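> no sequence for this one, just the structure:
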């Protein structure tokens, strides 16, 4: 395989002209990253537990049909989201091998998982809106909810909905662009579907 | 594990630096990429089951990290906007300057190659045999040969264009 042209390129490639790199403290960086990951996962878990705990406490505190229904809705939606998250990320934690082909395959599966999460998120948001808006309006119509609180609730719902929709659109665009890059990479490398690990 | 890691880094750091340089022009960006590669190796090392050579493992992890880096970078900005760092001709002996110019010209040409060709040529220049390159990239040896052939043609064309 070796010829003069390659030998010239190799000697230029191997020529050490860069100053020696200052090695970062990788152990500390890895620990910091792990800490961030634990905090993120812990935060999500705490948020879910807080939702479940507060709604259960609320239902127990007021013991009315309405508060029990609220709590039930929150529990059902939280468990549905958790179940989806667990099933959606299955098989995306590590690749079947370490080669570039396996890595590209894993990246593609993660992209699809993110796009599925976006679709699920939109549906969950629609379900939430279909429950929250009529519920608040019904309460307001029955004079159970003061006008000011009703207005605050509706504005808050609108702001949160807009925020979620923007985040979903951003994530979807990002993941679609990533998929396009992966497809281009496959085209460039003449990928035919077969993969060796 | 820490001992293994330090030994691996000591053995492969120059090759990893060259790999980072084939993706990034600017010094600070190279250092960032090198840091990402080192971190990825640290995280991947406990999963190394010796089902391939240590070198194959190191290059697999490093090339995968470079790919995600390149994809992320492509999202942020275009390559065209960056200005290459020019060697300071007054800073060393003449031969060193010539070597550096040759190397920068080669690196610049390699950076212009599409990622699959860039991967193959950088592994060939690291003197990996075809079978090992195939194992790193997860493709057949025939595919490696085809890509290498195309990569060489493209590289030659870019370098000749640069010289003219």
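Happy to help now that I have it. Keep in mind that this is a model prediction, so the values were computed, not measured.
> now the helices for the chain?
You didn't say which chain, so I picked chain A. Under the criterion DSSP state H, chain A contains helices at A:4-14, A:26-62, A:65-89, A:100-141, A:147-188.
> actually it's chain B I care about, not the one you picked
For chain B, applying DSSP H gives helices covering B:2-21, B:27-44, B:54-76, B:94-112, B:115-125, B:130-137, B:141-163.
> out of those, deepest packed?
helix B:115-125 (a mean of 24; mean count of other C-beta atoms under 10 Å in any protein chain shown). Any C-beta I mention is one placed from the backbone N, CA and C, and that applies to glycine too.
> give me the helices and strands touching that helix, please.
Packed against helix B:115-125 by the contact rule (3 or more C-beta pairs under 8 Å, 6 or more residues apart in numbering or on different chains; DSSP states H and E) you find helix A:4-14, helix A:147-188, helix B:2-21, helix B:54-76, helix B:94-112, helix B:130-137, helix B:141-163.
> test my guess that residue A:89 contacts residue A:113.
Yes - applying C-beta atoms under 8 Å as the test, residue A:89 and residue A:113 come out as touching, 6.0 Å apart.
> these two: who's more crowded?
Using other C-beta atoms under 10 Å in any protein chain shown as the criterion, residue A:89 and residue A:113 rank with residue A:113 on top: 18 against 15.
> roughly how far apart are that one and residue A:85?
Noted for residue A:113: a distance of 10 Å to residue A:85, by C-beta to C-beta, to the nearest Å.
> who's in contact with the residue nearest the centre of chain A?
Centroid-nearest residue in chain A, with C-alpha atoms, centre = their mean: residue A:114, separated by 6.1 Å. Residues near residue A:114 by C-beta atoms under 8 Å, 6 or more residues apart in numbering or on different chains: A:171, A:175.
> sketch out the low-pLDDT regions of chain B for me.
The model of chain B has pLDDT under 70 over residues B:1-2, B:75-93, B:163-164.
> I should have written chain A there, sorry.
Residue ranges of chain A with pLDDT under 70: A:1-2, A:16-23, A:95-96, A:189-197.
> switch to 80 and redo it
A:1-2, A:16-27, A:30, A:91-98, A:186-197 (pLDDT under 80).
> so who does residue A:172 touch?
A:115, A:118.
> rerun at 10 Å
Residue A:172 makes contact with A:114, A:115, A:117, A:118, A:119, A:121, A:122, according to C-beta atoms under 10 Å, 6 or more residues apart in numbering or on different chains.
> distance check, it against residue A:105.
21 Å.
> one more: residue B:108?
31 Å.
> repeat that for residue A:24.
For residue A:24, the distance to residue A:105 - C-beta to C-beta - is 30 Å.
> also residue A:167?
Distance, residue A:167 to residue A:105, using C-beta to C-beta: 27 Å.
> the two: who's more crowded?
Comparing residue A:167 with residue A:105 by other C-beta under 10 Å, the one with more neighbours is residue A:105, at 19 against 12.
> list the contacts for the most centrally placed residue in chain B?
Centroid check for chain B by C-alpha atoms, centre = their mean gives residue B:19 as the closest residue, at 2.2 Å. Residue B:19 makes contact with B:12, B:30, B:33-34, B:37, B:58-59, B:62-63, B:65-66, B:118-119, B:122-123, B:125-126, according to C-beta under 10 Å, 6+ apart.
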